[in-house]
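Trainee: Model the following, please.
(one chain, ligands or ions: 1)
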Amino acid sequence: MKQSLIYFEDIFTILNDFIKDYKGKITFLVDENTQIHCLPLVLERCKDLDAATFLEIPAGESAKQIGNVADVWGGMLDLNLDRNSLLINLGGGVVTDLGGFAASTFKRGITFINIPTSLLAMADASVGGKTGIDFKGLKNQIGTFSLPEMVLISPEFLETLPQNQLNSGFAEMLKHGLIRDKKHWQNLVALKSLTPDNVAPYIQSSVEIKRKVVAEDPKEKGLRKILNAGHTLGHAIETYFLNQNIDAYLNHLINGEEALLHGEAVAIGLILEAYISAEKNKLSSEELEEISKGLLKFFPKRNLPTYAEIKNYLLQDKKNENGEIQFMLLDKIGECDSQSIAAEEEVIEAAFQYYSNLEVH
Ligand SMILES: NC(=O)c1ccc[n+]([C@@H]2O[C@H](COP(=O)([O-])OP(=O)(O)OC[C@H]3O[C@@H](n4cnc5c(N)ncnc54)[C@H](O)[C@@H]3O)[C@@H](O)[C@H]2O)c1
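Mentor: Purely as a prediction, here's the structure:
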């Protein structure tokens, strides 16, 4: 499977060069925030995009659903897009996942480009060719493997990204270090604070880690599964929060805490699954402590649902085999087992207990 070209510099020149001679129609997919904060910047820098149109979806994870894909398909038909048309996904992971899915299915697939604007999308979601949407309250159930023509990454967009969204993307970067590169993990946890300037120099290393894993195993038959570290429990916790009706949800919020973002859920999942790695795999207790401390430095402890409350979501995880809940577990910091490993209920419950007993310094 060919790989997408990924650019980190002069992205507006590269985009201009690509579209200058582009024969088909060009449409942007944005969400309500990136339409305001990011689209003007691109249009200002790329004069050849004067004739481009744009389609918009609502912002946030709750927008990653089939109704919005149908609206995008409908918008593409209304704009008379054909097989030669180009969709430019300008946004966070929701826009790149949903836009990639819409493009890869419209008229059996049109070309698309990802311009990620959140840290999470720059460091992770826009790269690797997984597209998709949530379905029936479950994460990423419907989708395709479909590569963008190119991915254009510029930290300039991070200037308008809310702080909690920056933190959320940082969790996936920490994951890259934990599964493949101890030095990357150490560089990241050593940061004094999370600002666009502080994190920008490390985006490329994160992308490089993901790119290499995907190149070896594009369709997630083996090695690519390590990118799901922290995600078995992370997804279940994220889904639990997404599916709460507002009253039940508010009962879970303490001191005005906000909803749990994808990366924040992954950060919690990484701690819980590090505990399981120490119980079921080779991770030492010293490294378990280093991981917990490193993650708590940037992701304050949250009130979690109980294991019983998320069990049903865990049972839907795509990695499960024969009814057993499977995890991607660490051997040590920088090394993740590429075989998923089942964990018993008692071990998972003990992981929740471990998290709730962690001391905040
Ligand atoms: N395909 C993959 O391989 C992959 C990998 C990891 C995560 N994901 C998916 O990515 C999604 C999460 O991505 P996300 O965290 O980017 O979420 P998101 O797309 O919802 O973006 C987060 C928020 O930031 C706003 N935003 C984005 N860029 C902005 C900017 N420059 N200025 C101001 N606001 C901006 C968005 O409007 C949104 O409100 C999840 O659905 C997750 O499942 C996919």
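
Trainee: pLDDT value on residue 246, please?
Mentor: Looking at residue 246, its pLDDT stands at 51.

Trainee: ditto for residue 99
Mentor: Looking at residue 99, its pLDDT reads 98.

Trainee: Quick check on the residue lying closest to it once chain neighbours are set aside: phi, psi?
Mentor: The spatially closest residue to residue 99, leaving aside those adjacent along the chain, is residue 89, at 3.5 Å (Cβ to Cβ, 6 or more residues apart in numbering). In short, each C-beta sits where N, CA and C put it, glycine included. Main-chain dihedrals, residue 89, degrees, to the nearest 10: phi -90, psi 110.

Trainee: What residues does the nearest residue to residue 160 once chain neighbours are set aside make contact with?
Mentor: Spatial nearest neighbour of residue 160, chain neighbours left out: residue 37 (4.1 Å); criterion: Cβ to Cβ, 6+ apart. By Cβ atoms under 8 Å, 6 or more residues apart in numbering, the residues touching residue 37 are 117, 157, 160.

Trainee: count of neighbours near the closest residue to the second one other than its chain neighbours?
Mentor: In space, not counting the residues next to it along the chain, residue 157 is nearest to residue 117; the distance is 4.0 Å by Cβ to Cβ, 6+ apart. Using other Cβ atoms under 10 Å as the criterion, residue 117 is surrounded by 32 other residues.

Trainee: so what pLDDT did the residue nearest to residue 160 get?
Mentor: Predicted confidence (pLDDT) for residue 37: 98.

Trainee: my guess is the residue nearest to residue 157 meets residue 156, correct?
Mentor: No: taking contacts as Cβ atoms under 8 Å, residue 117 lies outside contact range of residue 156: 9.4 Å.

Trainee: ok so, going back, list the residues that contact the residue nearest to residue 157.
Mentor: Each residue near residue 117 by Cβ under 8 Å, 6+ apart is listed here: 34, 37-38, 90-92, 95, 157-158, 161.

Trainee: mind listing the strands for the protein?
Mentor: All strands of the chain, identified by DSSP state E, fall at 5-7, 26-31, 53-57, 86-91, 111-116, 130-135, 138-145, 150-152, 326-327, 330-332, 335-336, 341-342.

Trainee: ok, which residues in the stretch 101-250 of the chain are in contact with the ligand?
Mentor: 117-118, 120-121, 124-125, 128, 130, 140, 157, 160-161, 165, 168, 172 (Cβ under 6 Å from any ligand atom).

Trainee: now, which of those lie within helices?
Mentor: In helices, defined here by DSSP state H, the members of these are 120, 165, 168, 172.

Trainee: Pick out the most distant pair among those residues.
Mentor: Greatest spacing in those, by Cβ to Cβ: 165 and 172 (12.0 Å).

Trainee: so where's this structure uncertain?
Mentor: Applying pLDDT under 70 to the chain flags the ranges 1, 245-258, 361.

Trainee: what comes up buried for the helix ranked longest in it?
Mentor: Counting residues, the longest helix found in the chain (DSSP H) is helix 196-216. For helix 196-216, the neighbour count (16 or more other Cβ atoms under 10 Å) marks 196, 199-200, 202-211, 213-214 as buried.
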